[in-house]
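Engineer: sequence-free structure coming up:
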């Protein structure tokens with residue numbers, strides 16, 4: 001029973017973690033077929049942060065229960081939170097968020113770089129989730145009782 005709960009947590013968490021990364025591609029492709037041009041929203045993974053956070057929390061819970069992939073999932077989750085928070089603070093501090101500074105220049109590059117680092121941390125967490133699900137889905141060898 002414990003293994004089924006852990007596997008369920010890992011599967012749902014992995015799906016939720018990958019959703020913010022896959023959604024912009026799916027919506028862009030749908031828009032391409034409807035309107036005839038490819039319009040990619042590179043900020044969408046940040047907009048889906050709460051979905052990622054819930055999925056990452058489920059993945060971390062599953063990793064702790066399984067005692068596997070804890071460091072990568074916890075590190076990816078923590079890095080994503082830090083990078084996204086840093087991008088928001090920097091956007092506010094430089095005036096990009098309020099519109100006082102036009103997009104472009106070093107401020108814009110730095111904020112977009114932090115959002116890209118956030119997206120990379122989400123991908124790392126998602127890959128670790130897939131590996132955790134794979135490890136949990138492997139058949140367990142029966143315990144041998146040495147008598």
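Structural biologist: Here it is on my side, so go on. Treat the numbers as computed from the prediction; the structure is a model and nothing was measured. Residues are numbered from 1 along each chain as shown.
Engineer: neighbours around residue 111, how many?
Structural biologist: Neighbouring residues of residue 111 were enumerated by other Cβ atoms under 10 Å; the total is 22. Just so you know, the C-beta spots here come from the backbone N, C-alpha and C atoms, and that holds for glycine as well.
Engineer: I figured it hits residue 91, correct?
Structural biologist: Yes - A contact is recorded between residue 111 and residue 91 when judged using Cβ atoms under 8 Å, the distance being 4.9 Å.
Engineer: Any regions of this structure where pLDDT drops low?
Structural biologist: For the chain, applying pLDDT under 70 flags the ranges 1-2, 141-147.
Engineer: And the contacts of the strand or helix carrying residue 85?
Structural biologist: Secondary structure assigned from DSSP states H and E places residue 85 in helix 70-94. Contacts of helix 70-94 with the rest of the structure, by Cβ atoms under 8 Å, 6 or more residues apart in numbering, involve 46, 49, 52-53, 56-57, 59-60, 63-64, 96-98, 101, 107, 110-111, 114-115, 117-118, 121-122, 124-125, 128-129, 132.
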